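**Student:** What follows is a protein structure lacking sequence information:
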């Protein structure tokens with residue numbers, strides 16, 4: 001993707017200015033518009049397209065969550081809000097990321113990377129061509145073997161931070177790289193040792209040893225915030241305590 005087209009929907013001017021300033025530091029991003037209401041943004045989106053939508057949640061008339069539900073499929077959404085309690089709702093709507101105000105430029109840049117990944121997945125689905133797939137589909141306690149671009153890549157289990165599902169694709173994240181493969185998350189889950197990995201959400205598997213913090217609906221794994229479903233909170237807490 002040559003240039004990432006973005007818009008901001010936020011009724012707080014200081015927040016909009018921060019996003020605008022951060023975007024100006026990224027050469028591949030351009031800000032197309034700034035809106036203070038969902039109604040105003042929807043009117044623009046009917047006639048125009050963008051790649052990434054930065055969206056506040058608490059706004060007049062309609063919330064950011066309502067906008068995503070009305071919009072259906074479209075741009076990658078990065079929620080920007082002061083309220084942590086809506087994180088799980090946002091991820092259930094397949095948001096690319098959830099930024100809690102105030103956020104640093106480094107955290108903002110990671111959100112852009114996650115949005116780019118989501119856009120890449122959408123492009124792969126449009127072509128119908130898998131980027132890579134599993135080579136071995138039987139359990140291997142040392143790692144996962146992936147066939148990609150005509151070569152085999154062995155990922156050691158200790159390298160893996162988390163795995164995210166995009167329906168028929170998954171993205172395997174390590175500290176230095178990520179690998180998109182054509183596979184279902186449930187099939188990956190069967191290959192991983194339950195003592196080391198846990199499916200915290202319908203779309204995420206996390207390495208237990210990579211979890212730095214656990215609060216409310218989110219875990220911090222390798223510096224990345226990952227949603228935990230309501231049904232899995234107590235189970236994850238027990239696993240972390242080795243109960």
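**Tutor:** Looks like it arrived, so ask away. All of these numbers come straight from a predicted model, not from anything done at the bench.

**Student:** For residue 120, see how far away the residue positioned nearest the centre of the chain is.
**Tutor:** Against the mean C-alpha coordinate of the chain, by C-alpha atoms, centre = their mean, the closest residue is residue 96 at 3.9 Å. Separation of residue 96 from residue 120 (C-beta to C-beta, to the nearest Å) stands at 11 Å. C-beta: built from backbone N, CA, C; applies to glycine.

**Student:** can you tell me how far the residue nearest to the centre of the chain sits from residue 238?
**Tutor:** Distance, residue 96 to residue 238, by C-beta to C-beta: 30 Å.

**Student:** So residue 2, which state does it fall into?
**Tutor:** The three-state assignment at residue 2 reads coil, by DSSP: H, G, I helix; E, B strand; the rest coil.

**Student:** Next, the contact list for it, please.
**Tutor:** Each residue near residue 2 by C-beta atoms under 8 Å, 6 or more residues apart in numbering is listed here: residue 28.

**Student:** re the thing from before, the residue nearest to the centre of the chain touches residue 78, doesn't it?
**Tutor:** Yes. At 5.3 Å, residue 96 counts as touching residue 78 under the criterion of C-beta atoms under 8 Å.

**Student:** Name the residues contacting each of those two.
**Tutor:** 52, 111, 114-115.

**Student:** which of the residues you listed sit farthest apart?
**Tutor:** Spatial extent of the shared contacts of residue 96 and residue 78 (C-beta to C-beta) is set by the pair 52 and 114 at 10.1 Å.

**Student:** who has more neighbours, those two?
**Tutor:** Shown here are residue 52 and residue 114; by other C-beta atoms under 10 Å, residue 52 has more neighbours (25 against 20).

**Student:** Alright, I will stop here.
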